[in-house]
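Colleague: Please find the sequence and the predicted model below.
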Amino acid sequence: MPIDHAIKERLTIVRARIGAAAYTAGRDASSIRLVLASKTQPSEAIRAAWEAGARDFGENYVQEAIAKRAELADLTEIRWHLIGHLQTNKAKTAANAFALIHSVDSIRLAEAIARAQPSPHVHALIEVNLGGELSKTGVAPDGVEAILDAARGKIEIDGLMTIPPPGPSAEAARPYFARLREMRDVLAIQSRLALSELSMGMTDDFDVAIEEGATIVRIGRAIFGERKK
């Protein structure tokens, strides 16, 4: 099957699953943003997804995203998200390149983005490492409030992001998604910030994430297919 037809077909299936999960949770499917995790994907695959109606694409590496932006500069209404770890020394480039940075995980990084950002304010999420995994980036739950305080008035923190530990099933991720939602609810009251976004859920568990309140799901393999090694 040609790449454009395969991607269009998979995108249709994923959107149907998003709709079904939203229905189960009594939510409006239009309140959930689908970000296509396009790390390592060639520009032609991104173009095919855009032609099928996708507009939000998530990259893990700043330089890879910059190159793709240049190659796909003719695509209108495309929004680029940084969903991978951001190094402080790349904060200035990222601040000018992405509609939303999902991976703020320290006061130092928040301050670097604030110093580098253009006007208006950069929009970002705080990445929370709920599983305490040493192999993953993200701030510990007890460090989120300090980042919110440091970012106040400097960058727009729209909500939280997490990647749960690997588990035997999607259900294993549910407690982590629920915890992130509960954390957001408490922090929104304490900080008096909306914190309306919850970026959580990927190919193997996005249905559960939506049931637990995800407003952004980051999906790659279910749309682009298995990555070539």
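Modeller: Cool, got the structure.

Colleague: give me every residue that touches Ser191.
Modeller: 145, 148, 152 (CB atoms under 8 Å, 6 or more residues apart in numbering). In this view, the C-beta of every residue, glycine as well, is placed from N, C-alpha and C.

Colleague: actually Phe57, sorry about that
Modeller: 35-36, 38, 46, 49, 68, 78-81.

Colleague: looking at the sheet around it, what are its partners?
Modeller: Residues in a beta bridge with Phe57, per DSSP bridges, are Leu36, Trp80.

Colleague: Then Val139?
Modeller: Val128.

Colleague: can you pull the pLDDT of it?
Modeller: Model confidence at Val139, given as pLDDT, is 97.

Colleague: Next up, the contacts around it.
Modeller: 105-106, 126-129, 147.

Colleague: which of those residues lies closest to Ala188?
Modeller: Ile126 (12.4 Å; CB to CB).

Colleague: So which residues make contact with whatever helix or strand that closest one lives in?
Modeller: Secondary-structure assignment from DSSP states H and E places Ile126 in strand 123-127. Contact with strand 123-127 is made by 99-105, 110, 113, 137-139, 144, 147-148, 151, 155-163, 197, 199, as judged by CB under 8 Å, 6+ apart.

Colleague: go again using 6 Å as the cut-off
Modeller: 100-105, 138, 144, 147, 155-161, 199 (CB atoms under 6 Å, 6 or more residues apart in numbering).

Colleague: Given it, what are its sheet partners and their directions?
Modeller: Counting by DSSP bridges, strand 123-127 is paired with strand 100-104 (parallel), strand 156-161 (parallel).

Colleague: mind saving the C-alpha coords of the longest one as PDB?
Modeller: Think strand 156-161. What follows is strand 156-161, C-alpha atoms only, in PDB (Å, rounded to 0.1, in the frame of the first residue of the first chain):
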ATOM      1  CA  GLU A 156       2.800  30.200  29.800                       C
ATOM      2  CA  ILE A 157       2.500  26.900  31.600                       C
ATOM      3  CA  ASP A 158      -0.600  25.300  30.000                       C
ATOM      4  CA  GLY A 159      -0.500  22.100  32.000                       C
ATOM      5  CA  LEU A 160       1.400  18.900  32.700                       C
ATOM      6  CA  MET A 161       2.800  16.000  30.700                       C
END
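
Colleague: Now it: average pLDDT?
Modeller: Here the average pLDDT along strand 156-161 is 97.

Colleague: Give me the distance from it to the chain's centre.
Modeller: 10 Å (CA atoms, centre = their mean, to the nearest Å).

Colleague: So what touches it?
Modeller: 102, 121, 123-128, 148, 151, 180, 184, 195-199.

Colleague: can you check the shortest one too?
Modeller: When contacts are defined by CB under 6 Å, 6+ apart, strand 100-104 is touched by residues 81-83, 85-86, 94, 110, 123-127, 161, 199.

Colleague: Among those, pick out the one closest to Ala21, please.
Modeller: Ser199 (15.6 Å).

Colleague: Show me what that closest one is bridged to.
Modeller: Counting by DSSP bridges, the residues bridging with Ser199 are Met161, Ile216.

Colleague: Wait, it touches Val217, no?
Modeller: No: with contact defined as CB atoms under 6 Å, Ser199 does not count as touching Val217 (7.9 Å).

Colleague: that older thread, could I get the contacts of strand 100-104 in a markdown table, plus columns for neighbour count and distance to Ala25?
Modeller: Converted to a markdown table, these look like this (neighbours: other CB atoms under 10 Å; distance: CB to CB, whole Å):
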| residue | neighbour count | distance to Ala25 |
| --- | --- | --- |
| His81 | 26 | 23 |
| Leu82 | 25 | 27 |
| Ile83 | 29 | 23 |
| His85 | 16 | 30 |
| Leu86 | 28 | 31 |
| Ala94 | 24 | 32 |
| Ala110 | 27 | 31 |
| His123 | 18 | 25 |
| Ala124 | 30 | 26 |
| Leu125 | 27 | 21 |
| Ile126 | 31 | 24 |
| Glu127 | 27 | 24 |
| Met161 | 26 | 19 |
| Ser199 | 28 | 17 |
